[in-house]
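1. kindly generate the corresponding structure for this input.
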Amino acid sequence: MLTLASNIQPVKAEGTIYIRADGSIDPPTAPISTVDNITYTLTGNITSGDANGIVVERDNIVVDGNGYAVQGNVVGTDGLAGLSLTGMSNVTIKNFSYIGGFNLGIYLYSSNNNLISGNFITAVSHGISLFYSNDNIVSGNDVKACIGYGIILQDSSNNNTVIGNNATANGNGGIAIFYSSPSNIVKENNVMANKGVGICVLLSDNTSVSGNNITANSYDDIQLLSSSNCSISGNNVANAGANYEGIYLWNCSDNSISGNNVTENSQRGIFIRDSNYNSVSGNNITNNFDGIDVWSSSGNIIFHNNFINNTNQVYSTSDSVNVWDNGYPSSGNYWSDYNGTDLYSGPYQNITGSDGVGDTPYIIDFNNRDNYPFMKPYPWAADDIGITSVAASKNVVGQGYNASINVIMFNYGNGTEAFNVIVYANQTLIGEMFNVTLTRGNSATITFTWNTSGFAYGNYTVWAYAEPLPEETDTSDNNYTCGVPVHVGVPGDVSSSTPGVYDKKCDMKDIAYLVILFNTKPSSSNWNPNADVDNNGVVNMIDIAIAILNYNKHE
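-> Below is the predicted model:
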């Protein structure tokens, strides 16, 4: 504590301090020192009262705050700033522990190729403000509790990079880019949690917003307004509070929204309004009220997204016609409420064998459908196998006779895999197969024979288990349960006036039913596999004889 107290310098009332073009400091008594007219280092705190704090009039220098503060008393007074640069280039402003009490914290006007780094700015109208300023870097600053925006680039401020800043608790928002094109970049872990928006991009084409943590904003997390050819990618857009949208597009075209984590937004994860021909791909859209809303917007392509546990996955107005998949085999999106099967493959989903894609479309409305919905979240891991179907050849099998159990598996991973598959009836082993080998992107069907000798009468749940690969992380689909229970009953009890309901005895109704189905095969229109008691692929005299031998027996 004594050491800390000895390092605190008294606040000095200096008015505006200038670093002149000739390298001099005006007034010379200001708490700034330099030995080479290149690096200017604060030696104490500065208060400017009703004026600018520091005005830089020299290029190619470093202004090092050295942990000191610049305090003003002019919040709301236009044009007054803690540090001000007009027409300057190659200036670094860094390490100010506090800049506050001004209309603008740090202000660049028509200034290019400058670096603003590692400063703390608060209690101003706008924290860092760039006008007509290009090719600057704004990095590692902590800008909080400003009345307006934490960082604002406007009026043809182009090719700037905003990286690794904390912009929090600001009234209008964290970062704003207005009327500036092309190629401003906001990236790499800027943190934004504000009373207004996280990032607002207005009439600023070719802007990139990537890799930021944009959470807990009271309004939208990211706004893209009347802007084109922008990229919004790899951001964490999460909001557990009462905000509006995660990502909002209005009057926008030809933008890419990709690889973002959009979660827990109270209204919409992504809102596309009056915006056409944008791409929305590879986003995780989870636990929002609406996953994605599309209003009066057409020609957008929306694919490879994961829509998981949103109250409403999609809302689309009737005048919106969009593409919800990228064709086959690239395919569409994952929908957590999709209940289709994956027994077929190919562009028409009519080729036997799984492909990780649902056999039927995910229907949004009359004009919108995902033709190739994924069966599990995308992208798939490098080492990942899954069971896509377990089906019994019959749902009634005579005790002591056989049923066939077909297990279909698919390799979602990147290489050839070998694994073991085990099949059970309830908890009793039916069979197992070792070293099942599947090449990438292919499926296989394994048929197990279930001999019901020793199984008591009753219903059985048949399920299969694929032992996980050594590096497999998603094992949720390594188990698969047959959707219809299989009943082990009296051999020959095969007739049923109500599908699936049997009287648990073999009588004349069953014998008569077998006679009616005599000589039918799987290709027959009236084929019933339950009537093939001995499981040899045809209903014949053997099946009738079995029923006669068990006549009047019951469970």
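
2. name the SS class of the closest residue to residue 432 other than its chain neighbours, please.
-> Computed as Cβ to Cβ, 6 or more residues apart in numbering, the closest residue to residue 432 that is not its neighbour in sequence is residue 422, at 4.4 Å. C-beta coordinates here come from the backbone N, C-alpha and C atoms, glycine included. The three-state label given to residue 422 by DSSP: H, G, I helix; E, B strand; the rest coil is strand.

3. any low-confidence regions in the stretch 1-150 of the chain?
-> 1-14 (pLDDT under 70).

4. same thing but at 80, please
-> 1-14, 76-77 (pLDDT under 80).

5. circling back to that earlier point, mind checking pLDDT for the residue nearest to residue 432?
-> On pLDDT, residue 422 comes in at 98.

6. OK, contacts around it?
-> If you count contacts by Cβ atoms under 8 Å, 6 or more residues apart in numbering, residue 422 has them with 429, 431-432, 464-465, 467.

7. repeat the analysis, applying 10 Å as the threshold.
-> Counting by Cβ atoms under 10 Å, 6 or more residues apart in numbering, residue 422 touches 407, 429-434, 448, 463-467.

8. let's have those residues in CSV, adding pLDDT, secondary structure and neighbour count.
-> Output for these, formatted as CSV (pLDDT from 0 to 100; DSSP: H, G, I helix; E, B strand; the rest coil; neighbours: other Cβ atoms under 10 Å):
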residue, pLDDT, secondary structure, neighbour count
407, 97, strand, 27
429, 97, strand, 9
430, 96, strand, 21
431, 96, strand, 17
432, 96, strand, 14
433, 96, strand, 14
434, 96, strand, 10
448, 97, strand, 20
463, 98, strand, 20
464, 98, strand, 26
465, 98, strand, 18
466, 98, strand, 22
467, 97, coil, 15
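
9. determine which two of these are furthest apart.
-> 434 and 463 (18.4 Å; Cβ to Cβ).

10. residue 17 touches residue 54, doesn't it?
-> Yes - using Cβ atoms under 10 Å, residue 17 is in contact with residue 54, at 5.0 Å.

11. strands along the stretch 451-555 of the chain, start to end?
-> All strands of the stretch 451-555 of the chain, identified by DSSP state E, counting those that start in this stretch, fall at 458-460, 462-466, 479-481, 486-489.

12. other SSEs contacting the third one?
-> Helices and strands in packing contact with strand 479-481 are listed as strand 385-392, strand 402-411, strand 462-466; criterion 3 or more Cβ pairs under 10 Å, 6 or more residues apart in numbering; DSSP states H and E.

13. the first one now?
-> On a contact count with 3+ Cβ pairs under 10 Å, 6+ apart, strand 458-460 meets strand 417-425, strand 486-489.

14. now tabulate these in CSV and tack on distance to residue 259.
-> Compiled in CSV, the helices and strands packed on strand 458-460 are given as follows (distance: least, Cβ to Cβ, whole Å):
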stretch, distance to residue 259
strand 417-425, 27
strand 486-489, 44
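
15. residue 388: which of these is closest?
-> The nearest among those, by Cβ to Cβ, is strand 417-425 at 12.4 Å.

16. neighbouring strands for that closest one, and are they parallel or not?
-> strand 428-438 (antiparallel), strand 462-466 (antiparallel) (DSSP bridges).

17. need the CA coordinates for it. CSV is fine.
-> The C-alpha coordinates for strand 417-425 follow below in CSV (Å, rounded to 0.1, in the frame of the first residue of the first chain):
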residue,chain,number,x,y,z
GLU,A,417,-13.3,-47.2,-39.2
ALA,A,418,-13.6,-50.7,-37.6
PHE,A,419,-15.8,-51.2,-34.6
ASN,A,420,-18.0,-53.8,-32.8
VAL,A,421,-21.8,-54.0,-32.9
ILE,A,422,-24.0,-55.7,-30.2
VAL,A,423,-27.7,-56.3,-30.3
TYR,A,424,-30.0,-56.9,-27.3
ALA,A,425,-33.6,-57.9,-26.5
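
18. report the buried residues of that strand.
-> Across strand 417-425, burial judged by 16 or more other Cβ atoms under 10 Å covers 417, 419, 421-425.

19. centre of the chain to that strand, how far?
-> 32 Å (Cα atoms, centre = their mean, to the nearest Å).

20. against residue 374, how distant is residue 306?
-> With distances taken as Cβ to Cβ, to the nearest Å, residue 306 is found 8 Å from residue 374.

21. comparing the two, which residue is more hemmed in?
-> More neighbours surround residue 374 than the other of residue 306 and residue 374, with 26 against 21 (other Cβ atoms under 10 Å).

22. which residues does the more buried one bridge with?
-> Counting by DSSP bridges, residue 374 forms beta bridges with residue 334, residue 357.

23. wait, it sits on residue 326?
-> No - with contact defined as Cβ under 10 Å, residue 374 does not reach residue 326; the gap is 11.2 Å.

24. anything in contact with each of these two?
-> 303-304, 332-333.
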